[in-house]
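> Return a 3D structure for these sequence lines:
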Amino acid sequence: MKEKSEYPFTVEQFNKLTEEERGAVLAVAEYLIGSIIDVSDENLSAALNLMKESEGCVPQEEVDGDPLAPVRRKFAAVYQTAMEMAEAELQKRGLKDRQHFNFCLVIEPSYEDSTHVAVVDYDKPNCYLHEWSKAWHFQFANLAALAAAVLSAKTALVNKVTELNAKEIIVVLEEGRVREVVGLPPNTQVTIVDYYVEDEDEQYLAPSPIDGQMCKLTKF
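This next block holds a predicted model:
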């Protein structure tokens, strides 16, 4: 029978991660203990104790009073980190907090059933993410699994916000061509609609998004 390691999270695991994965792990640790840690087997395992595999919803030593509190903290550590990483990525893409999105994390913890997590917008009727899991399944065998959970949620948030903020400009031509379009705002698509289709092969034609007539579409 394989004995459990004294330290569920180790420097060896940490060193195998990518730079982004390491950032996610350290951010979760900082969220849980409120300070930056020096990376060692002992420090990683102590800071991330709530996230380790256990027989119940959370390790028994993490329960103190309200049993829902550590469940909420465990989910929040992952999703708050993902949310902050998504905000940073979106800002690099030119999407500004409060102008294009305004994240609000909502957690409905459960000790007996699924815990639901949603990221909605403070100002708009947008739901960017809704996931759920039973607390006793939401635990991590190693740092790679923890990092993967954070980055999966981060990617989902970035993709959803980008999708909701995508813009399209339609240019209509007659007997003309556009070689390129430059200087577009972030997340903006330009569709060139050309109704001059004489001698064009039908396989290159499509219905116009304006009136349904057959045309040639070019997207930038």
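
> Just the element for Tyr111, please.
Under DSSP states H and E, no helix or strand contains Tyr111.

> and it, how many residues sit next to it?
17 (other CB atoms under 10 Å). C-beta here means a position set from N, CA and C on the backbone, and glycine is covered the same way.

> contacting residues for it?
57, 67-68, 71, 135 (CB atoms under 8 Å, 6 or more residues apart in numbering).

> Which residue in those has the weakest pLDDT?
The lowest pLDDT within the contacts of Tyr111 belongs to Pro67, with 90.

> Now for that residue, how many residues are close by?
Neighbours of Pro67 using other CB under 10 Å come to 16.

> mind checking how far the residue nearest to it when sequence neighbours are not counted is from His137?
Of all residues not flanking Pro67 in the chain, Tyr111 sits nearest, at 5.0 Å (CB to CB, 6 or more residues apart in numbering). Distance, Tyr111 to His137, by CB to CB, to the nearest Å: 13 Å.

> and what of Glu131?
In terms of CB to CB, Glu131 sits 12 Å off from His137.

> higher neighbour count, the two?
Glu131 (18 against 9).

> Tell me the buried residues in the helix or strand that contains that one?
Counting by DSSP H and E, the element that carries Glu131 is strand 127-134. By neighbour count on 16 or more other CB atoms under 10 Å, the buried set for strand 127-134 is 128-129, 131.

> Throw those residues into a markdown table and include pLDDT, thanks.
Converted to a markdown table, these look like this (pLDDT from 0 to 100):
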| residue | pLDDT |
| --- | --- |
| Tyr128 | 97 |
| Leu129 | 98 |
| Glu131 | 98 |
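
> Any regions of this structure where pLDDT drops low?
1-5, 168-187 (pLDDT under 70).

> Longest helix of it, counting residues only.
helix 68-92 (DSSP state H).

> just checking, what packs against that helix?
Contact here means 3 or more CB pairs under 8 Å, 6 or more residues apart in numbering; DSSP states H and E; on that basis helix 68-92 packs against helix 19-33, strand 103-108, strand 114-121, helix 143-164.

> go again using 10 Å as the cut-off
For helix 68-92, the packing partners by 3 or more CB pairs under 10 Å, 6 or more residues apart in numbering; DSSP states H and E come out as helix 19-33, strand 103-108, strand 114-121, strand 127-134, helix 143-164.

> Between helix 19-33 and it, find me the angle.
Angle of helix 68-92 versus helix 19-33, following axes from the mean of the first three to the mean of the last three CA atoms, to 10 degrees, is 140 degrees.

> returning to that earlier point: can you give me the distance of the residue nearest to Pro67 to Val58?
For Tyr111, the distance to Val58 - CB to CB - is 9 Å.
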